[in-house]
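>>> Sequence plus predicted model, see below.
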Protein chains: 2
Amino acid sequence: MDGVPQPTIERLVIYYRYLKKLVAHDDDKVISSLDLGHSVGVSAAQVRKDLSYFGEFGCKGVGYNVSNLKKSLEQILGFNQNWPIVLVGAGNIGRALVNYPGFKVMGLNIIAIFDCDLDKIGNRVGGLIVKSNKEIERVIKDKGVELAIIAVPVDEAQGVAEKLVKAGIKAIWNIAPVTLKLPDNVLVYYEDLASSLVTLTYRLSQKRLKARSN
Amino acid sequence: MDGVPQPTIERLVIYYRYLKKLVAHDDDKVISSLDLGHSVGVSAAQVRKDLSYFGEFGCKGVGYNVSNLKKSLEQILGFNQNWPIVLVGAGNIGRALVNYPGFKVMGLNIIAIFDCDLDKIGNRVGGLIVKSNKEIERVIKDKGVELAIIAVPVDEAQGVAEKLVKAGIKAIWNIAPVTLKLPDNVLVYYEDLASSLVTLTYRLSQKRLKARSN
DNA sequence: TAGATTGTTAATCGATTAACAATC
DNA sequence: TAGATTGTTAATCGATTAACAATC
């Protein structure tokens, strides 16, 4: 079961969060694709299409049972699984991610944080103690970790990535703004904070130009 | 000049970063779309197409002058402009963003940070002092700020967003994982850290399933 | 001139939207 | 039964890739 578009997975997370809120408020027990979509800024057709990749969760003429749909999404997205994650880089962003509250509910579990800076090693970050980069391989192998986050300065990212892959990492979420050169079988997803913001300033400029020419 | 795809803008930022590195090393003075693309993980055709939205920057049979192309991208992406930004939320992520080194070079300039927590107001973050949310409107109007970052807890995000829009904000980069309900003329871009990571774990699961069935 | 590489057009691919039969 | 809403198929839209004439 693949060929599911990337954007679909991201939207499923959005639907999940909204449904969770509904269940907590013990609000509607049933929701239509129209209402769900409207609440999260997605078309009804898109909601139905997204869900249809995974099965039939609704009831024609009625809608979706909120609690059941939520459970189905947990299943689809693997929130019931435990995903141990190692994070390299105990700078501002690394520390923020360790303390990010949104991960745990999705089974995302940062189990270790590493840095090469002697001033940082030994410090407490969230519930973790910063370990030396030298321990990366041991920890990954011990715990069978497959997923890593790179939050080191640009110049160190490639070296760290190679080290991670050598230790057995299968997927990397890279926050350092560089393209990594890694074997094709390693999944890499880039989180580029600056480029995201720049698309906004670019659109803002465009709007200004248009406004001026009208 | 619009109809430029969103992904194109994001890639231009990537090209820019790589060219900057080349210029610093005073490496090649000229680069082909093939080499540039290869270096950042994009096809040569894609590189040429991306640039073609904005003009002709290369020389047939030769390639692109690295230094000139870099300057052109600065111009296109507005890096020579100054974009004052206000940030609401002095938690871990907010503080990390104020200290993020990648913004300044792109003209992105966080000029104020706000929070409603009395324990945080007055604290120093990077070069800024955390101000009370009550000052949001005054600062935005005084400085003519159009762009804001929301990095507050989910429950506060909608309220903060409305406050920002009322004060004159035209574009919001929202890091809180909620869909904001705002007038259509306000640009909103969502940075959803958890959903990004979940797409990775999802793909990882898929790969496992495939591996097992082979 | 021969080789390289651009800029652009046409072909392909993939994701979103619209429409509607099925059915609760 | 009439109204509502799903799941799915076909149509549309948008972005990427391939191909190639132009030309350095």
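Sure thing, it's come through.

>>> drop to CA atoms for contacts and neighbour counts, all remaining ones
Noted.

>>> Partner strands of the longest strand anywhere in chain A and their direction?
Ranked by residue count and defined by DSSP state E, the top strand of chain A is strand A:108-115. With DSSP bridges as the test, strand A:108-115 is paired with strand A:83-88 (parallel), strand A:131-132 (parallel).

>>> next helix or strand past it?
Proceeding N to C from strand A:108-115, the next assigned helix or strand is strand A:124-125, under DSSP states H and E.

>>> Could you list every helix and strand that that following strand packs against?
Packing contacts for strand A:124-125, counted by 3 or more CA pairs under 8 Å, 6 or more residues apart in numbering or on different chains; DSSP states H and E, involve no helix or strand.

>>> and with 10 Å instead?
Other elements packing on strand A:124-125 under the criterion 3 or more CA pairs under 10 Å, 6 or more residues apart in numbering or on different chains; DSSP states H and E are helix A:92-98, strand A:108-115.

>>> and these as TSV, adding distance to A:R203?
Listed next are the helices and strands packed on strand A:124-125 as TSV, based on distance: least, CA to CA, whole Å:
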stretch	distance to A:R203
helix A:92-98	26
strand A:108-115	33
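
>>> could you dump those to JSON lines with distance to DNA strand D and mean pLDDT?
Formatted as JSON lines, these follow (distance: least, CA to the nearest atom of the strand, whole Å; pLDDT from 0 to 100):
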{"stretch": "helix A:92-98", "distance to DNA strand D": "27", "mean pLDDT": "97"}
{"stretch": "strand A:108-115", "distance to DNA strand D": "28", "mean pLDDT": "98"}
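
>>> out of those, nearest to A:A194?
With CA to CA as the criterion, A:A194 lies closest to helix A:92-98 of the helices and strands packed on strand A:124-125, at 13.2 Å.

>>> Flag every residue of chain A that's near DNA strand D.
For chain A, the contact set with DNA strand D under CA under 7 Å from any atom of the strand comprises A:31-34, A:44-45, A:48-49, A:51-52, A:55-64.

>>> Output the helix or strand of chain A with the lowest mean pLDDT as PDB, nothing but the C-alphas.
For chain A, scoring each helix and strand by mean pLDDT, DSSP states H and E identifies helix A:193-213 as the least confident one, at a mean of 89. Taking Å, rounded to 0.1, in the frame of the first residue of the first chain, the C-alpha atoms of helix A:193-213 are listed here in PDB:
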ATOM      1  CA  LEU A 193      13.500  27.100   8.200                       C
ATOM      2  CA  ALA A 194      15.000  30.000   6.300                       C
ATOM      3  CA  SER A 195      13.700  28.900   2.900                       C
ATOM      4  CA  SER A 196      10.200  28.500   4.400                       C
ATOM      5  CA  LEU A 197      10.300  32.100   5.600                       C
ATOM      6  CA  VAL A 198      11.700  33.400   2.400                       C
ATOM      7  CA  THR A 199       8.800  31.900   0.400                       C
ATOM      8  CA  LEU A 200       6.600  34.100   2.600                       C
ATOM      9  CA  THR A 201       8.600  37.300   2.000                       C
ATOM     10  CA  TYR A 202       8.600  36.500  -1.700                       C
ATOM     11  CA  ARG A 203       4.800  36.200  -1.800                       C
ATOM     12  CA  LEU A 204       4.500  39.400   0.200                       C
ATOM     13  CA  SER A 205       6.700  41.200  -2.400                       C
ATOM     14  CA  GLN A 206       4.500  39.900  -5.200                       C
ATOM     15  CA  LYS A 207       1.400  41.100  -3.500                       C
ATOM     16  CA  ARG A 208       2.900  44.500  -3.100                       C
ATOM     17  CA  LEU A 209       3.800  44.700  -6.700                       C
ATOM     18  CA  LYS A 210       0.300  43.700  -7.800                       C
ATOM     19  CA  ALA A 211      -1.300  46.100  -5.400                       C
ATOM     20  CA  ARG A 212       0.900  48.900  -6.900                       C
ATOM     21  CA  SER A 213       0.000  48.000 -10.500                       C
END
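
>>> list the helices and strands that helix packs on?
Using 3+ CA pairs under 10 Å, 6+ apart, the elements in contact with helix A:193-213 are helix B:6-24, helix B:66-77, strand B:108-115, strand B:147-150, strand B:171-174, strand B:187-190.

>>> Just list whatever residues bridge to A:L128.
Under DSSP bridges, the residues paired with A:L128 across the bridge are A:V125.

>>> contacting residues around it?
A:95, A:98-99, A:110-114, A:122 (CA atoms under 10 Å, 6 or more residues apart in numbering or on different chains).

>>> Please apply the same query to A:V198.
Contact analysis of A:V198 by CA under 10 Å, 6+ apart lists A:204, B:9-10, B:12-13, B:77-79, B:83, B:103, B:106-108.
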